[in-house]
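S.K.: only geometry, no sequence info:
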C-alpha cells in the first residue's frame, strides 16, 4: 500500500460515522431476564427500533418480550429460542435475527453459566470443561458470526459481559475467572482487528449484581454467600443492579461512545478498582 493510499484510509476512518440508534437493529443473548432484559428495555427506550432477545425458555422469552413492549410500545421485538453456547444454535439465532431485521448492528452478550464460586479442589474434574464452555462460548460464537456482517455494512458495536473475576484473583473462581479472562482478551483482540471496519468491541465486568437469578444462586450457597457478603460491604457506592449495568451497556453501544473500543470496564459500586 502506498503512502497516499494509507493516508486515504486514515482519512476515511476519521470521517466514519457510527450507526445511530434509530437506524440500528440489536441482538441480545441472555435477553430474557436480569441485565440482558433490562438492557433490551433501555435500548428500546433510547430509540433502537428492532430488538431480538435470545433465551432457552419459550415462556420466559414471551414474558420478556411483553415487558419490553410495555416499556416501549411499537418496538419490533423478536424472541429467538436457543442456547448460544452451542455452535448450531448460535448460527441459527444470529441468522434469524439478521433475516428478521436485515442486519445486526448491536450485539450484546449477557449469558451466564449456572456455576457459582467453588474452591478448585472441590470442583469435579469432569465438570471443568462444562464450566468453561457454558461461561464463555456464547460471546465467542456470536461475535464471530456477526462480525463479517458488521464489516460489510461498515460498522457496529459489540458489548460482551464478563466479570471482575477475569481481572482479579478471587478464591473460588479459578475456573470461572479463566473463562472471564478469556472473554476479556478475546474481545480486546477482536476490537483491534475490527476497528478498521468501524466496529467497536467493549467488555463490561461486574462483580455482583443484586436482583438477578445469579445473585440469588450465589447468596444461597454457604461459601459464595460469605465471599460476596464481604464484597457487598465494600460496595460503598451501592451494590450494582441490572439498571446500572444496562445504562453502561447502552452507552457503550451508542454513538456517544464512538471512540471507545477494546476497554474492559468494571461496574461494581467501588468493590475494587479493577
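M.R.: In hand now; what should we look at? Computed from a predicted structure; not experimentally measured. Numbers count the residues shown, from 1 in each chain.
S.K.: which stretches of this structure form helices?
M.R.: 3-15, 34-46, 58-71, 87-101, 125-153, 174-194, 213-219, 222-234, 242-253 (DSSP state H).
S.K.: how far away is residue 127 from residue 135?
M.R.: Residue 127 is 12 Å from residue 135, where distance means C-beta to C-beta, to the nearest Å. All C-beta atoms are positioned from the backbone trio N, CA, C, and that covers glycine.
S.K.: Between the two, which contacts overlap?
M.R.: residue 115 (C-beta atoms under 8 Å, 6 or more residues apart in numbering).
S.K.: which of the two has more neighbours?
M.R.: Per other C-beta atoms under 10 Å, whichever of residue 127 and residue 135 has more neighbours is residue 135, with 27 against 12.
S.K.: Hmm, that one is touching residue 116, no?
M.R.: No. Assessed by C-beta atoms under 8 Å, residue 135 is found out of contact with residue 116, at 11.3 Å.
S.K.: Can you work out which residues contact both of these two?
M.R.: Counting by C-beta under 8 Å, 6+ apart, no residue touches both residue 135 and residue 116.
S.K.: Please name whichever of the helices of the chain is nearest to residue 261.
M.R.: The minimum distance between residue 261 and these falls on helix 174-194, with 4.5 Å, by C-beta to C-beta.
S.K.: one step back: tell me, which of the helices of the chain is the model least confident about?
M.R.: For the helices of the chain, mean pLDDT drops lowest on helix 3-15, to a mean of 58.
S.K.: thinking residue 181 is in contact with residue 164, fair?
M.R.: No. In this structure, residue 181 is not within contact of residue 164 by C-beta under 8 Å, at 10.6 Å.
S.K.: Among those two, which residue is more densely surrounded?
M.R.: Neighbour count, other C-beta under 10 Å: between residue 181 and residue 164, residue 164 has more, with 22 against 17.
S.K.: With respect to residue 264, which of the helices of the chain lies nearest?
M.R.: Minimum separation from residue 264 across these (C-beta to C-beta) falls at helix 174-194, 5.0 Å.
S.K.: buried set for that closest one?
M.R.: By 16 or more other C-beta atoms under 10 Å, the buried positions in helix 174-194 come out as 174-184, 186-188, 190-191, 194.
S.K.: Surely residue 46 touches residue 254?
M.R.: Yes. Judged on C-beta under 8 Å, residue 46 makes contact with residue 254 at a distance of 7.1 Å.
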